[in-house]
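Undergrad: just coords:
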């Protein structure tokens, strides 16, 4: 069965510093990978996805993620954090070419400190 | 404005009293789905629909029903709610998918349901 792990419930970073939110996955075959962000009292918003091709994927709001097949990871990164980036971040995975559906991680709360 | 709307946003009800949470999207998306969000568990899919009159179970369908009679609407029905269905519910839609997985979803604002 496919699964997603976000090993950190909470990540704190100072404004202006680089941030990383970690995600590892387990899936049969090649994965489709996604990051979503949830601001307080809002629904989730799509940030970026990896389907195929370049391992470094760029998304909305200056975020990017690196697909690492050997480490089965898809960490979310941003070179310089903003206070407004504070939110709950979800990683999700689906196996490509399969009838299986999307599985979400448990979420990581990112707090950017001014 | 392209959006997914849900109603009501907040609902407190009692065990066994049937309720419906509505979901509507104005983007002409074929794919729609319902999720519940519980602390420490992320989002879990309840039901999804790949087009009108086509629905299927997600990971946690027990105690829920759905229907898709129109493309834009995908209501979630709890015929006999129980306290373990207290949760935050999200509806989502998408125009692209692979297999059963949507490639980019648009989410509604959520419905917080409390069953006492």
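TA: Ah, there it is. Keep in mind it's a predicted model, so treat the numbers as computed, not measured.
Undergrad: number of residues surrounding residue 52?
TA: By default, I'm working from chain A. The number of residues packed near residue A:52 is 8, by other CB atoms under 10 Å in any protein chain shown. Just so you know, the C-beta spots here come from the backbone N, C-alpha and C atoms, and that holds for glycine as well.
Undergrad: think we crossed wires, I meant chain B
TA: Neighbour tally, residue B:52, other CB under 10 Å: 15.
Undergrad: where does the closest residue in space to residue B:101 that isn't next to it in sequence fall, secondary structure wise?
TA: Nearest residue to residue B:101 in three dimensions, chain neighbours excluded: residue A:94, at 3.4 Å (CB to CB, 6 or more residues apart in numbering or on different chains). Take DSSP states H and E as the rule and residue A:94 turns out to sit in strand A:87-95.
Undergrad: so what's the gap between that strand and the chain middle?
TA: Relative to the chain's own centre, strand A:87-95 is displaced by 5 Å; criterion: CA atoms, centre = their mean, to the nearest Å.
Undergrad: quick one, strands of the chain?
TA: In the absence of a named chain, chain A is used. According to DSSP state E, chain A carries its strands in the segments A:3-5, A:10-14, A:19-21, A:24-26, A:31-38, A:44-50, A:56-58, A:64-68, A:73-78, A:87-95, A:103-104, A:108-113.
Undergrad: wrong chain, I was asking about chain B
TA: B:4-7, B:10-13, B:19-25, B:31-38, B:42-51, B:54-57, B:65-66, B:76-78, B:87-94, B:97-98, B:101-102, B:106-107, B:111-115.
Undergrad: who does the most centrally placed residue in chain B bridge with?
TA: With distances taken as CA atoms, centre = their mean, residue B:34 lies nearest the centre of chain B, 2.5 Å away. Using DSSP bridges, the beta-bridge partners of residue B:34 come out as residue B:47, residue B:91.
Undergrad: JSON lines for the strands of chain A, including mean neighbour count?
TA: Output for those, formatted as JSON lines (neighbours: other CB atoms under 10 Å in any protein chain shown):
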{"stretch": "strand A:3-5", "mean neighbour count": "17"}
{"stretch": "strand A:10-14", "mean neighbour count": "13"}
{"stretch": "strand A:19-21", "mean neighbour count": "21"}
{"stretch": "strand A:24-26", "mean neighbour count": "17"}
{"stretch": "strand A:31-38", "mean neighbour count": "24"}
{"stretch": "strand A:44-50", "mean neighbour count": "21"}
{"stretch": "strand A:56-58", "mean neighbour count": "14"}
{"stretch": "strand A:64-68", "mean neighbour count": "18"}
{"stretch": "strand A:73-78", "mean neighbour count": "20"}
{"stretch": "strand A:87-95", "mean neighbour count": "23"}
{"stretch": "strand A:103-104", "mean neighbour count": "22"}
{"stretch": "strand A:108-113", "mean neighbour count": "17"}
